[in-house]
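Engineer: The sequence isn't on hand, but the structure is:
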């Protein structure tokens, strides 16, 4: 029985490495430095006998983002959304039986990272502009926020980058409040 378990784990690792390689670089190779975590992630998921299906995690993320980032936008709601993403990361134990499901598990991992990026940037951007309409900051703040929000995932930091108003190939226009 012990030998059978070792063979199963070895086969799962090999399948995970092959599938992770395809998911990471599109060719099945190691890819660039820093992607070793992809192989570990894939190996863990493919070797599990029990776990959560990726569809459940994806539905949880969709529901959390709909509730905490689209209906009532405020720092409190964004914080609750982040708490939901942290809870999911701590408790989910994704399982994949085949490369198709493994790719979906990678997608879930990336969707969580994107959800965190959106929520953290929304917390930092203390204004309302276009679709980013907050209850706790109901007007535009061009002095501080006429810029691009930049997210740095390594330290989960939000920064700013100036908007270029110099013409490149099309005429520019001055920003103004939307009226309907």
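Structural biologist: Looks like it came in fine. Remember, predicted model here, so these are calculated numbers, not experimental data.
Engineer: Please name every helix or strand in contact with the longest helix along the chain.
Structural biologist: Selection of the longest helix in the chain by residue count, based on DSSP state H, yields helix 99-124. Under the contact criterion of 3 or more CB pairs under 8 Å, 6 or more residues apart in numbering; DSSP states H and E, helix 99-124 touches helix 2-25, helix 36-47, helix 54-66, helix 75-91, strand 147-152, strand 157-162. To be clear about C-beta, it is placed using only N, CA and C from the backbone, and glycine gets the same treatment.
Engineer: Single out the most deeply packed of those.
Structural biologist: Stretch with highest mean neighbour count among these: helix 36-47 (a mean of 19; mean count of other CB atoms under 10 Å).
Engineer: Could you check how far it is from the centre of its chain?
Structural biologist: With CA atoms, centre = their mean, to the nearest Å as the basis, the distance from the averaged C-alpha position of helix 36-47 to the chain average is 18 Å.
Engineer: Which strands and helices lie in contact with that helix?
Structural biologist: When contacts are defined as 3+ CB pairs under 8 Å, 6+ apart, helix 36-47 sits against helix 2-25, helix 99-124.
Engineer: Out of those helices, which gets the lowest mean score?
Structural biologist: Considering the helices and strands packed on helix 36-47 one by one, the lowest average pLDDT is found for helix 2-25, at a mean of 61.
Engineer: Format the helices and strands packed on helix 99-124 as CSV; extra columns: distance to residue 179.
Structural biologist: As requested, the helices and strands packed on helix 99-124 are exported to CSV (distance: least, CB to CB, whole Å):
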stretch, distance to residue 179
helix 2-25, 46
helix 36-47, 48
helix 54-66, 28
helix 75-91, 27
strand 147-152, 23
strand 157-162, 26
